[in-house]
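Novice: model this:
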Amino acid sequence: MNEKVTERLLKNYYNARKSWEGWCYLNNIHLKKNNSTVRKYADENELLFHCRYLLLKDLHIELYKIIKNKNNTSRDNIFKLLKECNSEQAQNLLIELTDFQKELDSLTDTRDKFYAHLDENYKDFLESFEIENYYKTFEHIESAIIILGKENELKELLKSIPSRDDFELIT
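Specialist: Next comes the predicted model:
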């Protein structure tokens, strides 16, 4: 496997996960210690409200490069990389990803229709937002990274991502 390709994949995944952690913190989602005052503060602060929007936008942009399955020219796309890997594990994960395609399309369509182009029906894409789909997407990406032979690098990357539970906003 081309080292530069997997390095890009890891970098994009790292960026996506950092944005996810920041977004979850500002929304008080799945924190070890509930902190509803942070969400209220972010809702009422124009700059933090916008930063929260940008975190979710960045998440979609980074995930798009990794999971877009149609006409994707990205070198760090897991579908493309798994097809090149040509192992039984890769083929099994491709089947799982195909079964999960509707959810992946929801994420990539949100990037296309809301963040990149703001289609007239953009609110339809925001309503399809399912938190659990992001966690499942992360699991699939991590499985792909492991199949591509980068388990140790993934473990180090995951250790270096700041946790939403480590953030503290003084309000």
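
Novice: from here on, contacts and neighbour counts on C-alpha atoms
Specialist: OK.

Novice: where in this structure is pLDDT low?
Specialist: 1-2, 71-73, 111-129, 171 (pLDDT under 70).

Novice: what about 50?
Specialist: 119 (pLDDT under 50).

Novice: now do the helices in it.
Specialist: 3-27, 36-44, 46-67, 78-85, 88-99, 101-110, 122-127, 131-147, 151-160 (DSSP state H).

Novice: among those, which is nearest residue 169?
Specialist: Distance to residue 169, taken as Cα to Cα, is lowest for helix 36-44 among these, at 7.0 Å.

Novice: could you check how far residue 74 is from residue 53?
Specialist: For residue 74, the distance to residue 53 (Cα to Cα, to the nearest Å) stands at 24 Å.

Novice: what do you get for residue 167?
Specialist: 18 Å.

Novice: same deal with residue 157?
Specialist: Taking Cα to Cα, one finds residue 157 at 24 Å from residue 53.

Novice: with residue 17 instead?
Specialist: Taking Cα to Cα, one finds residue 17 at 15 Å from residue 53.

Novice: out of these two, which sits in the more crowded spot?
Specialist: residue 17 (22 against 15; other Cα atoms under 10 Å).

Novice: check contacts around that one.
Specialist: For residue 17, the contacting residues are 59, 161, by Cα atoms under 8 Å, 6 or more residues apart in numbering.

Novice: if you set the cut-off to 10 Å instead, what comes out?
Specialist: Going by Cα atoms under 10 Å, 6 or more residues apart in numbering, residue 17 touches 11, 23, 58-59, 62-63, 138, 157-158, 161-163.

Novice: how many residues are close by the residue lying closest to residue 39 once chain neighbours are set aside?
Specialist: Computed as Cα to Cα, 6 or more residues apart in numbering, the closest residue to residue 39 that is not its neighbour in sequence is residue 27, at 4.9 Å. By other Cα under 10 Å, the residues close to residue 27 number 21.
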